[in-house]
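[1] give me a 3D structure for the following:
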Amino acid sequence: MAESSRLTDLVQDALDAFLDRQAEHAAAVSPDLAPFVDEARGLLARGKRFRARFCYWGWRAVAGIPDELDPMSPSAPDGDADAVVGVAAALELLHAAALVHDDIIDRSATRRGRASAHETFATMHRDAGWTRDPARFGDAAALLLGDLLLGWADSALRVATGLLADRSAATAAVAEFERMRAEVTFGQLLDVLEEHSWIARPDADAARRAQRVVVYKSAKYSVEAPLVIGALLGGATGGQVTALRGFGVPLGIAFQLRDDLLGVYGDPETTGKPAGDDLREGKRTVLVALARSVLPGSARSLLDELLGDPELDEAQIDLIRRTLRECGAVEQVERAIDYNLGQATAAIEGARITSSARAELLALAEAVARREA
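    Prediction:
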C-alpha cells in the first residue's frame, strides 16, 4: 500500500508540474485566463486515483519487475516508471474532462464536495456583475475547460509515451487510450439518448440498454482501459491482455453499479454530492430498469413521473428510495455487484502476472466494489 501511496503522490506531482506549464502558456495569452487554470487545479487536486492505480498495477503485472523491488522508490534504478506516472497523469486529465462535461449535461451543482465547474464560472460572472446570463456563461466556460482538459490529456500522453524505450509498446498504449477516449464518449451519448428516448423504447429492453451504458460510459474507461494501457506499456502478451480485460470489464461494471447505488443512497458527506442527485437528474440506471420491470403499473407510472424532476423534495426522494428497495431492485443490484466481482477475481487467479500485482488488484477490486464514495 505504501507503493500505491507513493504513486498517487508522484501522479499529483506530475499533474502539478504539467499545470504549471499550462498556466505559463495561459498567462502569456492573457491574465484573464488564470481562473480557468485554477479550476483545473482544483479538479485535479483530489480524487481516489483509481485509474492511475489500475494503470500502474497493469504495468507491474507484466513488466518483469521483481516483487521485492519498488520502482516508485527514490532508490529504484531508472526505467519506465516515469512514463507510467506520466500516462497515469494523462488518464486523470481525461477523467477531469469527462467530469466537467458530465456535470454540464446532468446539471450537477456539486462535484467532490465543491461547486462543479459550470457553477463556479456562473458564480464568477454574478460576483463580477457582468452582462448577460451567468448560467450560460458558466456552461460555455466549463465546456471549453473540458475541451482544454481533453487536449491536455493527449499532450501529457504524447510526452509520457515518448519516454518509453519500447516504441511498439508506446504505440499500442496510445491506440488503447484513443479507443478508450472514443468509447467513453459513445457511452455518454448512449446515456443521454436513453434519458430522452426511453419512453419510446421497449420496456423489456431497458435493462440491456442500461447495461450497455454501464459498460461503455464507465466500466471500460474506469478499470479495463487504464489496466490494459498500463500492461501494454509493460509489453504485455496477448494472453496477459486477455486476462486483464477479463478482470477489468466485470470489475468496471461492479464499479458503476456501486456508483448507481451511491447516487441514490449515498451519504452526501462522503460522496460529495447532494442526496438523491441521480433521481433529480433522471438517470435511467440498471437499478431503475430492474425496478420498472417488477413494479405494478401505478407504481411504475409514479416512478416515471418523479424521476428527472429537479425540484424533488426529501419526502419524494425517500419515497423513491423505499420503492426501489421494497421491490427488490436494490438487492438485485447488490447480487450483480457480487457476481461481477467474482468474475473479475476468477479472471486473474491463474493469469501469468506477478504475485504482487495480483494481490494489489484483488485489494483494489474489493475497494472499488465496496466503496462508500
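[2] what's the longest helix in this protein?
    With DSSP state H setting the assignment, residue counts place helix 167-197 as the longest helix in the chain.
[3] which helix or strand lies directly C-terminal to that helix?
    Towards the C-terminus, the helix or strand next in line after helix 167-197, according to DSSP states H and E, is helix 206-213.
[4] list the buried residues of stretch 116-131.
    Along stretch 116-131, the positions that meet the burial threshold by neighbour count (16 or more other C-beta atoms under 10 Å) are 116-122, 124-125. From N, CA and C alone the C-beta is placed, and that goes for glycine too.
[5] among those, which one lies nearest to Val249?
    Distances from Val249 to those, taken as C-beta to C-beta, are shortest for Ser116 (28.9 Å).
[6] Leu99 versus the closest one, what's the distance?
    Applying C-beta to C-beta, to the nearest Å, one obtains 8 Å for the distance of Ser116 from Leu99.
[7] for Asp304, same thing?
    For Asp304, the distance to Leu99 under the criterion C-beta to C-beta works out to 28 Å.
[8] correct me, but Ala351 touches Ala243?
    Yes - here Ala351 reaches Ala243: they are 3.7 Å apart, a contact under C-beta atoms under 8 Å.
[9] with neighbour numbers in mind, choose between these two.
    Remark: of Ala351 and Ala243, Ala243 carries more neighbours, 22 against 19, as counted by other C-beta atoms under 10 Å.
[10] ok, that one touching Thr345?
    No - counting by C-beta under 8 Å, no contact exists between Ala243 and Thr345, whose distance comes to 11.9 Å.
[11] which residues touch the residue nearest the centre of the chain?
    What sits nearest the mean C-alpha location of the chain, by C-alpha atoms, centre = their mean, is Ser222, with 4.8 Å. Applying C-beta atoms under 8 Å, 6 or more residues apart in numbering, we find Ser222 in contact with 50-51, 252, 255-256.
[12] returning to what we had before: can I get the buried residues of stretch 116-131 in JSON lines including distance to Val213 and secondary structure?
    Rendered in JSON lines, the data for these read as follows (distance: C-beta to C-beta, whole Å; DSSP: H, G, I helix; E, B strand; the rest coil):
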{"residue": "Ser116", "distance to Val213": "21", "secondary structure": "coil"}
{"residue": "Ala117", "distance to Val213": "23", "secondary structure": "helix"}
{"residue": "His118", "distance to Val213": "22", "secondary structure": "helix"}
{"residue": "Glu119", "distance to Val213": "25", "secondary structure": "helix"}
{"residue": "Thr120", "distance to Val213": "28", "secondary structure": "helix"}
{"residue": "Phe121", "distance to Val213": "28", "secondary structure": "helix"}
{"residue": "Ala122", "distance to Val213": "28", "secondary structure": "helix"}
{"residue": "Met124", "distance to Val213": "33", "secondary structure": "helix"}
{"residue": "His125", "distance to Val213": "33", "secondary structure": "helix"}
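[13] out of the contacts of Ser222, who has the most neighbours?
    Across the contacts of Ser222, neighbour numbers were computed from other C-beta under 10 Å; Gly252 holds the maximum, 28 neighbours.
[14] that one is in what secondary structure piece?
    With secondary structure defined by DSSP H and E, Gly252 is part of helix 238-265.
[15] give me the low-pLDDT residue ranges for the stretch 51-200 of the chain?
    Under the criterion of pLDDT under 70, the regions of the stretch 51-200 of the chain flagged as low confidence span 73-79.
[16] where do the helices of it begin and end?
    Remark: helices of the stretch 51-200 of the chain, listed N- to C-terminal, are 81-106, 117-128, 134-161, 167-197; assignment by DSSP state H, counting those that start in this stretch.
[17] list the helices and strands the shortest one packs on?
    The one in question is helix 117-128. If you count contacts as 3 or more C-beta pairs under 8 Å, 6 or more residues apart in numbering; DSSP states H and E, helix 117-128 packs onto helix 34-44, helix 81-106, helix 134-161.
[18] what's the closest of these to Val62?
    Evaluated over these, closeness to Val62 peaks at helix 81-106, with 11.8 Å, by C-beta to C-beta.
[19] what sits opposite Met110 in the beta ladder?
    For the record, residue 110 is Thr, not Met. Taking DSSP bridges, one finds Ala115 as the beta-bridge partners of Thr110.
[20] can you name the residues that contact it?
    The neighbourhood of Thr110, defined by C-beta under 8 Å, 6+ apart, consists of 116, 119, 272-274.
[21] give the buried residues for stretch 24-34.
    The neighbour-count check on stretch 24-34 (16+ other C-beta under 10 Å) flags 26, 33 as buried.
[22] restrict it to CA atoms and write it as PDB.
    Coordinates of the C-alpha atoms in stretch 24-34 are reproduced here as PDB (Å, rounded to 0.1, in the frame of the first residue of the first chain):
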ATOM      1  CA  GLU A  24       2.500  29.900 -18.100                       C
ATOM      2  CA  HIS A  25       1.100  29.400 -21.500                       C
ATOM      3  CA  ALA A  26      -2.300  30.800 -20.500                       C
ATOM      4  CA  ALA A  27      -0.700  33.900 -18.800                       C
ATOM      5  CA  ALA A  28       1.200  34.600 -21.900                       C
ATOM      6  CA  VAL A  29      -2.100  34.700 -23.800                       C
ATOM      7  CA  SER A  30      -4.000  36.700 -21.200                       C
ATOM      8  CA  PRO A  31      -4.000  37.100 -17.400                       C
ATOM      9  CA  ASP A  32      -7.800  36.800 -17.600                       C
ATOM     10  CA  LEU A  33      -7.400  33.000 -18.200                       C
ATOM     11  CA  ALA A  34      -5.900  32.400 -14.700                       C
END
